[in-house]
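K.L.:
how would this look folded up:
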Amino acid sequence: MREQRAAAMKLRRARRPVARGRGGMSGQRVLKAEAALVGGVVLAFLCWEIPSLRREMRLWRMAGGFRAGHRYP
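P.N.:
Model (predicted):
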């Protein structure tokens, strides 16, 4: 019985989160922060590029789009 309790205590001690006791960040929080940062950068890039993409689409349509075929190399 005593040995079982000692083994259970070791398991309990091994399962505690290591980073929280020392004031660090857990891996899951770091991943969430990185995902938020990458999402913000992608969103900013899209907002920056949308006007030029619209302009390119307009030029492409004026040139004939898919129907232009071989007229423009």
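K.L.:
state the distance from Leu43 to Glu56.
P.N.:
Leu43 is 20 Å from Glu56, where distance means C-beta to C-beta, to the nearest Å. In this view, the C-beta of every residue, glycine as well, is placed from N, C-alpha and C.
K.L.:
where along the protein do the helices fall?
P.N.:
Counting by DSSP state H, the chain forms helices over residues 2-15, 18-21, 27-62, given from the N-terminal end onward.
K.L.:
among these, which gets the worst mean confidence?
P.N.:
Ranked by mean pLDDT, the helices of the chain bottom out at helix 18-21, with a mean of 55.
K.L.:
residues near Trp60, how many?
P.N.:
Other residues within reach of Trp60, judged by other C-beta atoms under 10 Å, total 13.
K.L.:
ok, now Leu43?
P.N.:
For Leu43, which is what you asked about, the neighbour count (other C-beta under 10 Å) is 10.
K.L.:
enumerate every residue touching it.
P.N.:
For Leu43, the contact set (C-beta atoms under 8 Å, 6 or more residues apart in numbering) is empty.
K.L.:
ditto for Phe66
P.N.:
By C-beta under 8 Å, 6+ apart, the contact list for Phe66 is empty.
K.L.:
ok, it to Glu49 distance?
P.N.:
As judged by C-beta to C-beta, Phe66 and Glu49 stand 23 Å apart.
K.L.:
again, but for Trp60
P.N.:
Relative to Glu49, and taking C-beta to C-beta, Trp60 is found at 16 Å.
K.L.:
swap in Arg58?
P.N.:
Counting by C-beta to C-beta, the gap between Arg58 and Glu49 amounts to 15 Å.
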